[in-house]
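A.B. asks: Below are the sequence and a predicted model; questions follow.
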Amino acid sequence: MSDYPAIIRSVISDSISCKEELLKKSDLHERLSAVVRRIVEAYRNDKKVLFCGNGGSAADAQHLAAELSGRFYLNRKPLQAEALHTNTSHLTAVGNDFSFEEIFSRLVEANGRQGDILIAISTSGNSANVLRAIETAIGIGMITVGLTGASGGKMKDHCHYLLNVPSGDTPRIQEMHILLGHILCLLVEAELFGPSKNAI
């Protein structure tokens, strides 16, 4: 594996191909548009958005929550958004005293309210703790949004809105999740506070 430039070009090419496939997915574009409308409606009704995911998807959850609670393009009022994995004392206590499957669901139960949004991220769509969070959110009356890979995994039968990107390769799926997340943040911010000069 000495030809690093060739490998670099190959990975970039694979990422571009995935995005080209995503560009063709008009049904997914419609679902993402519907998610944006639901989030805008939630914020206008003093609701919030919660995020959860494991590993790289936890990083994506935290990243996107920060775009909403901080800023995307605009200096504006913060929006209530939180990634559910950031309290390590909670994670270790619940993981030890209950089970790792409960780490997100207990925070959803504590903080979620009817009309709030849960954005659940899992490249496989099969993460047990993410599925438990979705089930708990639905029981509360929250709107559930799943970001997954092509198959959707078990999440496809449990989310109100499934954004299953057209790939089975974890790094490419994560790259497209953050792309969709950025589009979501752009559109939510523009609807609530007006378009940015950087927006299309």
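C.D. replies: Looks like it arrived, so ask away.

A.B. asks: separation between the nearest residue to Leu187 once chain neighbours are set aside and Asn126?
C.D. replies: Nearest in space to Leu187, with sequence neighbours left out and distances taken as CB to CB, 6 or more residues apart in numbering, is Val36 at 4.5 Å. All C-beta spots, glycine's among them, are computed from the backbone N, C-alpha and C. Taking CB to CB, to the nearest Å as the measure, Val36 and Asn126 are separated by 26 Å.

A.B. asks: now swap in Ser10 and tell me
C.D. replies: For Ser10, the distance to Asn126 - CB to CB - is 28 Å.

A.B. asks: So for those two, which residue has more residues nearby?
C.D. replies: Asn126 (15 against 11; other CB atoms under 10 Å).

A.B. asks: Okay, the more buried one and Arg76: tell me how far apart.
C.D. replies: From Asn126 to Arg76 the distance is 37 Å (CB to CB).

A.B. asks: next one: Glu191
C.D. replies: 12 Å.

A.B. asks: now Lys154
C.D. replies: 37 Å.

A.B. asks: May I have the predicted confidence score for Val165?
C.D. replies: Per-residue confidence (pLDDT) for Val165: 98.

A.B. asks: can you pull the buried residues of the longest helix seen in the chain?
C.D. replies: Longest helix in the chain by number of residues, with DSSP state H as the criterion: helix 170-193. Within helix 170-193, the residues that qualify as buried are 172-178, 180-181, 184-191, 193, counting by 16 or more other CB atoms under 10 Å.

A.B. asks: mind checking the SS state of the nearest residue to Phe193 once chain neighbours are set aside?
C.D. replies: Excluding its sequence neighbours, the residue lying closest to Phe193 (CB to CB, 6+ apart) is Arg76, at 4.4 Å. Using DSSP: H, G, I helix; E, B strand; the rest coil, the structure places Arg76 in coil.

A.B. asks: if we can go back for a sec, now the residue nearest to Leu187: how far from Thr144?
C.D. replies: Taking CB to CB, one finds Val36 at 15 Å from Thr144.

A.B. asks: neighbour-wise, which of these two wins?
C.D. replies: Neighbours were counted for Val36 and for Thr144 using other CB under 10 Å; Thr144 has more, 21 against 18.

A.B. asks: Pretty sure the more buried one sits against Arg132.
C.D. replies: No - counting by CB atoms under 8 Å, Thr144 does not reach Arg132; the two are 12.0 Å apart.
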